[in-house]
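Q: What follows is a predicted protein model with its sequence.
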Amino acid sequence: MTGKLGLDPVLVARARELARRAGQPVVDLARSHTTVSVERAVLRLAGVTGADPDGIPWVNRLVDAVVADVGLGHGVAVPVFDALAREELGDVTLLAQKAAAGSVRFGQPTGRAATAARRAARKAVAAGVRQIDRRRAERDRLVKRYGDPEQRPWIYLIVATGDIYEDIPQAQAAARAGADVIAVIRSTGQSLLDYVPEGATREGFAGTYATQENFRLMRAALDVSSKELGRYVRLTNYASGLCMPEMATLAGLERLDMMLNDSMYGILFRDINPIRTFVDQRFSRQVHARAGIIINTGEDNYLTTADAVDEAHTVTVSQLLNEYFAHEAGLADWQLGLGHAFEINPDLPESFRLELAHALLARELFPDAPLKWMPPTKHMTGDVFRGNLLDGFFNLVGAMTGQGILLVGMMTEAVVTPWLSDRDIALQNVRYVLGAAGGLHEDFVPASGGFIQQRAHRVLGEAVELLDRIGEQSLLTAIAEGTFGIMKRPADRGKGLDGVARHEADYYNPATEILEGDRA
Amino acid sequence: MTAAGEKTVVRPYGDTTGDGMVQVSFTLPVPLDKRAEGAAVQLANKMGLDPAMLVHARQMGDGFTFFVVYGRVNHLVDLSAVQVVERDFPLLSAKEVNAVVKRRLRRKLSVVGACIGTDAHTVGIDAILNVKGIAGEKGLEYYRELTVTNLGAQVSVPELVEAARRERADAVLVSQVVTQRDAHLHNTREMSAAFREAMPAGRRPLLIVGGPRFDETMAGELGVDRIFGRGTTPGEVASYLVHALITEKKAGA
């Protein structure tokens, strides 16, 4: 694996080993804890749907009721299915409604009652997992029928009007204009809601609420577009924030194709408790693995707060950690849209060569992953002319280094949410560069021992050093001390900590059992 | 900037003084044809471009066309009638800021910063507060004599007031990037009202908001002491803090 950069395979192997060493304690933590959102995801798989008249989902009401009676540490599956049998109800949503009204008491059964409840819970959850499997098979069929995009990278475009019924024609227009992947940005603040809103929504702030119904509506619309265009148009949303496991589950149930799903983003940028995040993260990745969803990680975000040159190695470290956590959760390489971004200050001498070095390093370290290449945002100033030029250089790096997924940069970044014309100009930019230089990665080989190789070696070296230091003091300490993106996030602080519990000896989660058990 | 330093009436400049040339681009919801081009010229005329030169038209999707128009405007700009907030305090270096705080305040100056409401964009507050700073200028955390508490994103107003009390804040910095439905204005008013309610006038910290879409002249209307617009640097903020809290000692002191 020497490739174009002549990376030392021993050093690369050491980097992976150090990432494993740093990540292992976090995985152990995730395996021994649960969260309210993991349990709600289990109930969603078991068939609990809908919300109360105030818009609070029944899964929230049911988990809250169970927690009030027996706590979270046993998992909710057994208490719920035990109560279902005692109440002689056929439907878990009905049980949730009765529980919310206060007419059901929950207990943690033992002996035969416990065995029966486990069996019933597993059966119900298995039906939900089967639905995810059917959705995955359906995607495979449609991809076969309509085909993948002709070119790499896939062109990824964002829509965000706040109103799902406005998003749909915009997304279809974007697909017609050349987008291969449509991302519906979520409403600002949704990541900190501890429930998933219900139904089709028409009001959002700088984005559209992610709901099961909005997922369904958009996917159906893009199926129409796929048929019309003769290529399968993929749909992306966000498995992040406090409801990450539920988002992953709903995405699997509604055949979303990609999900933003970073191992540390919520901790660093949303101040969500680190343990909550890692527990939610692991479950959500197991669901993504099962659903055949490609995850997109969020390394680009580090570079918006930290310096893209000085901190380039933190991106590599995060990619290695994301890869470790992803593999551990069962994701295959083709599902790893590891993130990185074109965020070096354009006023810096040789900034373009540095970008090339960083992008090529990611490409060579993760040869089988469809890397997600993110456009400049930090140095977009409102000078739309310069911005368009910068986006052209960004596109060129993408073409020269064989990136898998290219998020289309907007020259109006930091000015307005993209206008129709902004998107059109940005897509012309991408099409020009890919048309003119799409195959350049075949010819582009940096000079041996030259600037680009040296820079890549240095970044990898610094990444290994940092991983070495993290290994000695644990990842949680590194995060607490602000190693990534400057933010300091201690493990005993942050949002959502009260929704975390250590497993009791009799903890049972049928979803995890199925997702882990059915793995090779 | 021009040779005639005293000139107060100017026109846009293309390539000749006084030619009044401007360039605009816009989209009309019509497919591209002769009529669409005529419609674009009509709009340009109504905007004051006369003559208007349609230099580019391109259809987007089914029913939209993008236009670029160059043309001459007849409007005059009277520089003497322009109203802006000029910097009314001296710009100090980090060293000078530290020296003034140390000598005159004789304790650390406490600054609490946050993005309030649902706004999750910490870019602005981080650029001002983080050591990293922006455009090569270090943020306020770098100033030895300042104690900075950055609460991050999506902080509620009560949390902010509480943190300001706990940290004995001399100044509170709030960043607002999201402007949908005027969220930045509503949030700012809510914040200033909460501080007025929670603390007597003399004990209130200096209230500062910043963001790319604020009108810097609206400070009074929003109930804050100062508004900083786009392109503000940490040095400007630090200099203002010293000016308002120490050398001028007005609001909040």
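A: That came in fine, so what should we check first?

Q: since we're on A:Arg276, how many residues are nearby?
A: Residues near A:Arg276, counting by other Cβ atoms under 10 Å in any protein chain shown, number 26. For every residue, glycine as well, the C-beta is placed using N, CA and C.

Q: what are the ranges of the helices in chain B?
A: Under the criterion DSSP state H, chain B contains helices at B:34-46, B:94-100, B:123-129, B:157-166, B:183-198, B:219-222, B:234-242.

Q: quick one, what contacts whatever residue of the stretch 1-150 of chain B ends up closest to chain A?
A: Residue of the stretch 1-150 of chain B nearest chain A, by Cβ to the nearest Cβ: B:Thr118 (3.3 Å). B:Thr118 sits next to A:Ser187, A:Thr188, A:Gly189, A:Phe205, B:Gln154, B:Val178, B:Ala183 when contact means Cβ atoms under 8 Å, 6 or more residues apart in numbering or on different chains.

Q: run the last query once more with 6 Å
A: A:Thr188, A:Gly189, A:Phe205 (Cβ atoms under 6 Å, 6 or more residues apart in numbering or on different chains).

Q: same question, A:Arg31
A: Here A:Arg31 is in contact with no residue (Cβ under 6 Å, 6+ apart).

Q: any idea how far it lies from A:Ile470?
A: As defined by Cβ to Cβ, to the nearest Å, A:Arg31 lies at a distance of 20 Å from A:Ile470.

Q: And A:Gly47, by the same measure?
A: 41 Å.

Q: neighbouring contacts of the helix or strand bottoming out on mean pLDDT in chain B?
A: Every helix and strand of chain B was ranked by mean pLDDT, DSSP states H and E. The lowest is helix B:123-129, at a mean of 82. Residues from elsewhere that reach helix B:123-129, judged by Cβ under 6 Å, 6+ apart: A:305, B:113, B:115, B:134, B:139-141, B:148, B:150, B:175, B:177, B:210, B:234, B:237.

Q: Report the distance from it to the chain centre.
A: 13 Å (Cα atoms, centre = their mean, to the nearest Å).

Q: if we can go back for a sec, near chain B, from the contacts of B:Thr118?
A: Restricting the contacts of B:Thr118 to those near chain B by Cβ under 6 Å from any Cβ of the partner chain leaves A:Thr188, A:Gly189, A:Phe205.

Q: what's the closest non-adjacent residue to the second one?
A: Nearest non-adjacent residue to A:Gly189, counting by Cβ to Cβ, 6 or more residues apart in numbering or on different chains: B:Thr118, 3.3 Å away.

Q: quick one: contacts for A:Ser351?
A: A:Ser351 touches A:Ile344, counting by Cβ under 6 Å, 6+ apart.

Q: again, 7 Å this time
A: Contacts here follow Cβ atoms under 7 Å, 6 or more residues apart in numbering or on different chains; on that basis A:Ser351 touches A:Ile344, A:Asn345.

Q: Downstream of the host helix or strand of A:Glu472, the next helix or strand is which one?
A: Assigned by DSSP states H and E, A:Glu472 belongs to helix A:451-473. Once helix A:451-473 ends, the next helix or strand along the chain (criterion: DSSP H and E) is helix A:475-480.

Q: C-terminal to that following helix, what's the next element?
A: The element immediately downstream of helix A:475-480 (helix or strand, assigned by DSSP H and E) is strand A:500-502.

Q: Tell me which strands that following strand pairs with, and in which orientation.
A: strand A:33-35 (antiparallel) (DSSP bridges).

Q: what element comes up after the strand it pairs with heading to the C-terminus?
A: That would be, after strand A:33-35 and using DSSP H and E, helix A:36-45.

Q: buried ones in stretch A:238-258?
A: For stretch A:238-258, burial by neighbour count (16 or more other Cβ atoms under 10 Å in any protein chain shown) applies to A:238-258.

Q: can I assume A:Arg136 is in contact with A:Ala291?
A: Yes - contact criterion Cβ atoms under 7 Å: A:Arg136 and A:Ala291 qualify, at 5.6 Å.

Q: okay, those two: which has more neighbours?
A: A:Ala291 (24 against 16).

Q: give me phi/psi at that one?
A: Here is the backbone geometry of A:Ala291 (degrees, to the nearest 10): phi -80, psi 0.

Q: In contact with the closest residue to it other than its chain neighbours, which residues?
A: Nearest residue to A:Ala291, sequence neighbours excluded (Cβ to Cβ, 6+ apart): A:Gly252, at 3.4 Å. A:Gly252 makes contacts with A:Ile132, A:Arg135, A:Val287, A:Arg290, A:Ala291, A:Ile293, as judged by Cβ under 7 Å, 6+ apart.

Q: Dump the helix or strand where A:Gly252 lies to CSV, keeping only the CA atoms.
A: Using DSSP H and E, A:Gly252 sits within helix A:244-253. Only the C-alpha atoms of helix A:244-253 are listed here, as CSV (Å, rounded to 0.1, in the frame of the first residue of the first chain):
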residue,chain,number,x,y,z
MET,A,244,-29.3,9.5,16.9
PRO,A,245,-30.4,5.9,17.4
GLU,A,246,-34.0,6.7,16.5
MET,A,247,-32.9,8.7,13.4
ALA,A,248,-30.9,5.8,12.2
THR,A,249,-33.9,3.5,12.8
LEU,A,250,-36.3,5.7,10.9
ALA,A,251,-33.8,6.1,8.1
GLY,A,252,-33.6,2.3,7.8
LEU,A,253,-37.4,2.0,7.9
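
Q: now check the next helix-or-strand element following it, is it near chain B?
A: Toward the C-terminus, helix A:244-253 is succeeded by strand A:258-260 as the next helix or strand (DSSP H and E). No - Strand A:258-260 stays clear of chain B (Cβ under 7 Å from any Cβ of the partner chain), getting no nearer than 13.8 Å.

Q: Show me how far strand A:258-260 is from its chain's centre.
A: Per Cα atoms, centre = their mean, the centroid offset for strand A:258-260 relative to its chain is 4 Å.
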